[in-house]
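S.K.: let's see this in three dimensions:
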Amino acid sequence: MNWIMPKDWKIRYKKELDLSKKYEEEGNLKETWRYLERAHLIGQYYPIPHTGIHFRMLLFAIDQKDIKEIAGQLIRVLFGWLGSWLNKIPVGNTGGANVPIFQPMPIPEDLLDLLSEADQTSKSLSGLKKK
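M.R.: Modelled structure (predicted):
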């Protein structure tokens with residue numbers, strides 16, 4: 001079970017969240033969302049950060065009055081933690097309602113070192129590699 005996020009992951013997760021806040025304050029909503037997605041890529045392996053990032057995405061969707069995103073995030077807030085807890089997540093998935101919930105996606109190049117323990121070989125749900 002993945003309960004405690006490693007320190008270097010926490011630092012990077014917070015950095016991505018800080019950048020999303022910075023861009024939101026500047027009114028750059030596209031970049032705000034991009035950095036929320038990047039935080040999701042990191043946080044989805046751990047139940048609490050995974051739920052937290054979906055909650056932030058939900059608040060952003062509410063602020064934007066985006067009904068499709070609100071509905072998608074409500075589902076993810078309610079059930080996303082379970083996939084993290086079971087280590088069965090769609091590796092690389094950006095977490096928005098614009099992509100299928102169980103769709104694995106490529107991890108961005110600049111996050112590959114940090115997420116090197118992610119099982120990218122699976123074509124379905126996986127998570128962190130078994131040790």
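
S.K.: leaving out the residues flanking it, which one is nearest to Y46?
M.R.: Distance criterion Cβ to Cβ, 6 or more residues apart in numbering; nearest residue to Y46, sequence neighbours excluded, is M5 at 4.7 Å. Placement of C-beta: from N, CA and C, glycine included.

S.K.: quick one, what contacts the one you found?
M.R.: Going by Cβ atoms under 8 Å, 6 or more residues apart in numbering, M5 touches Y13, G43, Y45, Y46, P49.

S.K.: rerun that using 10 Å as the cut-off
M.R.: Contact analysis of M5 by Cβ atoms under 10 Å, 6 or more residues apart in numbering lists I11, R12, Y13, I42, G43, Y45, Y46, P47, I48, P49, H50.

S.K.: what ranges do the helices span in this protein?
M.R.: 7-26, 29-43, 47-64, 67-86 (DSSP state H).

S.K.: do you know how far the residue nearest to Y46 is from M105?
M.R.: As judged by Cβ to Cβ, to the nearest Å, M5 and M105 stand 20 Å apart.

S.K.: and the residue lying closest to M57 once chain neighbours are set aside, what does it touch?
M.R.: Spatially, and ignoring its direct neighbours in sequence, M57 is nearest to Q73 (4.9 Å; Cβ to Cβ, 6+ apart). Shown in contact with Q73 (Cβ under 10 Å, 6+ apart): 53-62, 66, 80, 95-97.

S.K.: let's see it at 6 Å
M.R.: Shown in contact with Q73 (Cβ atoms under 6 Å, 6 or more residues apart in numbering): H54, M57, L58, A61.

S.K.: again with T94
M.R.: Contacts for T94 (Cβ under 6 Å, 6+ apart) come out as E37.

S.K.: give me phi/psi at it?
M.R.: Main-chain dihedrals, T94, degrees, to the nearest 10: phi -80, psi -10.
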